[in-house]
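In: Give the three-dimensional model of this entry:
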Amino acid sequence: MSKSKSGVGPPKIIGIDEKLAFKSGRPTLKSIAEICGLAVPTVSRALSGASDIGQSTRDRVRQVADEIGYIPNRAGVRLRTGKTNVISLILPTEIDGLNYSSRIIASIAGALRNSPYHLIVTPFFPDEDPIKPVKYIVETELADAIIINQIQPEDPRVKYLLERNFPFATHGRTMWSEQHPYFDFDNFEFARHATELLAKRGRKSLLLISPPLSQNYSQNMIAGMQSATKETDLFSDYFEEPTQNGTSKRLNNQLIEYLKRNPGTDGIITSTTVSAVGAISTISALGRQLGKDIDLCTKEVAPFFRQIRPEILTITEDVTEAGSFLARAALTAIDHPEEPPLQMLVTPEDTT
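Out: Predicted coordinates:
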C-alpha cells in the first residue's frame, strides 16, 4: 500500500473477510493503520485523542477500532505511557437522592466515551473512613484521576490529594477550592431562593431538613436560609437528615416529633427526593394537607414531583451537567496540570 510522506494513504474499506479474519487473532494498532492508510504512531495518537490530529481522522480511527474489536493492551499502554487510562468515581453506598448515582455515573461515562479513558466506580461504606479508598487508589496506582463528592470544608481527601499532586475533581467546594477542579451547585442560593418561594406563599415558620452538617453544602444551605430570613419576620430552623440504614423511618419519626413540638411550622425545605418523600408521608400522617396547611420546597435531580405533585415547589439540580463537567475537569488535570483547574458554580432556578 502506498503512503504519503506523512504516513497517510487512502483509507481501506473493511470487507467481511477482513472482519472475520480478525476474529482469529487479536486486532492491533497495525491492523487499524493498514485499514485506514495511516502510520501506526498516527493511529495511536488518534486513539489517545491528540488535539493535533483532525477530528475526522480521530472519528475514522475510532470507528475502525470499534468495528474490528480492537482493545488496547492495558499493560502495554501503562508500560509505554505510565498511565492506567482509568478515572475512578468514588461514591458512598447510602442512598442520597432519586437516581443521583445512576445519573452521575452515566454522565461521566458519556463524557469519557470518545477518550482513551474508562470509568470505574469505587464504593465506600458509611462506617469506613472516606479517605481509605482514595489512599488505596493513589498508593496502588489504580487510576490516573479521582472524582469525589460529599465534600467537607476542610476535606482530608482533598488535602491528601493536593499534597501528593494527584489529579482529581470534586463535586462540591472546599476551603482550598482555588487550588483544585470542582463543579458545584450553589446551595446557598438554593436555600435562599426556596425560602423566598415559601415566603411568597405566605409561609412564616420554616424548617430545613439539611444534609449531614459536616458537609460544605449543608452549611451553605443553612446560611442561605438564614440570609433570606434575616431582615424579615420569618422564623427558620433546621435539623440534620439521617444518613444511615433505615433513613426513611428515622426521618419520619424525627419530623413527627418536630412538628408536634412546633405546630406552627408551615413550610419545609428538603435537599433530596428521599427527604421530600419522608416529609410528604409525615405531613399526611399528621392529618395536614400539603399545599394548604403546609408547603414543601425541594431540590430534585429529575422532573419527578413536577409531574406527580404539582403543588410541591421544586428547584432542579442538573446532575448530568455536573458529571460531564467533572469528567472534563479530571481529564484536564491529568493532561494539562500546568493550566488553571476547571471550575464551575451554577446558580439554581425554580422550575415550578
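In: If you drop the residues flanking it in sequence, what lies closest to Leu345?
Out: Spatial nearest neighbour of Leu345, excluding adjacent residues (C-beta to C-beta, 6 or more residues apart in numbering): Asp184 at 5.1 Å. Every C-beta, even on glycine, is put in place using the N, C-alpha and C of the backbone.
In: so what's the one you found up against?
Out: The neighbours of Asp184, taking C-beta atoms under 8 Å, 6 or more residues apart in numbering as the test, are 171-173, 217, 344-346.
In: just checking, Asn114 touches Val61?
Out: No - judged on C-beta atoms under 8 Å, Asn114 makes no contact with Val61 at a distance of 11.1 Å.
In: quick one, strands of the stretch 251-352 of the chain?
Out: Secondary structure of the stretch 251-352 of the chain, counting by DSSP state E, counting those that start in this stretch: strands at 267-270, 295-300, 313-316, 343-346.
In: between those strands, which one is nearest to Gln150?
Out: strand 295-300 (15.3 Å; C-beta to C-beta).
In: Could I get the average pLDDT for the closest one?
Out: For strand 295-300, mean pLDDT is 94.
In: ok, now stretch 39-52?
Out: For stretch 39-52, mean pLDDT rounds to 82.
In: tell me which residues in it are buried?
Out: Under the neighbour-count criterion of 16 or more other C-beta atoms under 10 Å, stretch 39-52 has 39, 42-48 buried.
In: now, which of those residues lie within helices?
Out: 42-47 (DSSP state H).
In: those strands in the stretch 51-200 of the chain, which residues are they?
Out: Going by DSSP E, counting those that start in this stretch, the stretch 51-200 of the chain shows strands at 86-92, 118-124, 145-148, 168-171, 182-185.
In: any chance of those strands in CSV, with distance to Lys30 and mean pLDDT too?
Out: Shown next, in CSV, are the strands of the stretch 51-200 of the chain (distance: least, C-beta to C-beta, whole Å; pLDDT from 0 to 100):
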stretch, distance to Lys30, mean pLDDT
strand 86-92, 25, 94
strand 118-124, 23, 93
strand 145-148, 30, 98
strand 168-171, 36, 98
strand 182-185, 40, 97
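In: can I get the ones you listed in JSON lines with distance to Pro130?
Out: Output for the strands of the stretch 51-200 of the chain, formatted as JSON lines (distance: least, C-beta to C-beta, whole Å):
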{"stretch": "strand 86-92", "distance to Pro130": "8"}
{"stretch": "strand 118-124", "distance to Pro130": "6"}
{"stretch": "strand 145-148", "distance to Pro130": "8"}
{"stretch": "strand 168-171", "distance to Pro130": "12"}
{"stretch": "strand 182-185", "distance to Pro130": "17"}
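In: For Thr232, find the nearest of those.
Out: Thr232 lies closest, by C-beta to C-beta, to one member of the strands of the stretch 51-200 of the chain: strand 182-185, at 24.6 Å.
In: residues contacting the residue nearest to Thr57 when sequence neighbours are not counted?
Out: The shortest distance from Thr57 to any non-neighbouring residue, by C-beta to C-beta, 6+ apart, is to Ala46 (5.7 Å). Ala46 sits next to 38, 53, 57-58, 61-62 when contact means C-beta under 8 Å, 6+ apart.
In: hmm, try it at 10 Å
Out: Residues in contact with Ala46 (C-beta atoms under 10 Å, 6 or more residues apart in numbering) are 29, 32-33, 36, 38, 53-55, 57-62, 64-65.
In: for Ile334, same thing?
Out: 83, 85, 87, 117, 143-145, 166-168 are the contacts of Ile334 under C-beta under 10 Å, 6+ apart.
In: about what we covered before: quick check on Asn114 and Val61: which one has the bigger neighbour count.
Out: Val61 (24 against 12; other C-beta atoms under 10 Å).
In: So the more buried one is in contact with Val40, correct?
Out: No - counting by C-beta atoms under 10 Å, Val61 stays clear of Val40, with 11.2 Å between them.
In: shared neighbours, those two?
Out: Common neighbours of Val61 and Val40 (C-beta under 10 Å, 6+ apart) are 29, 32-33.
In: Tell me which entries of the residues you listed lie within helices.
Out: Reading helices off the shared contacts of Val61 and Val40 with DSSP H, I get 29, 32-33.
In: with those in mind, which one is nearest to Arg203?
Out: Using C-beta to C-beta, these come closest to Arg203 at Ile32, 63.2 Å.
In: my guess is that closest one contacts Thr57, does it?
Out: No - look at Ile32 against Thr57 with C-beta under 10 Å: they stay out of range, at 11.6 Å.
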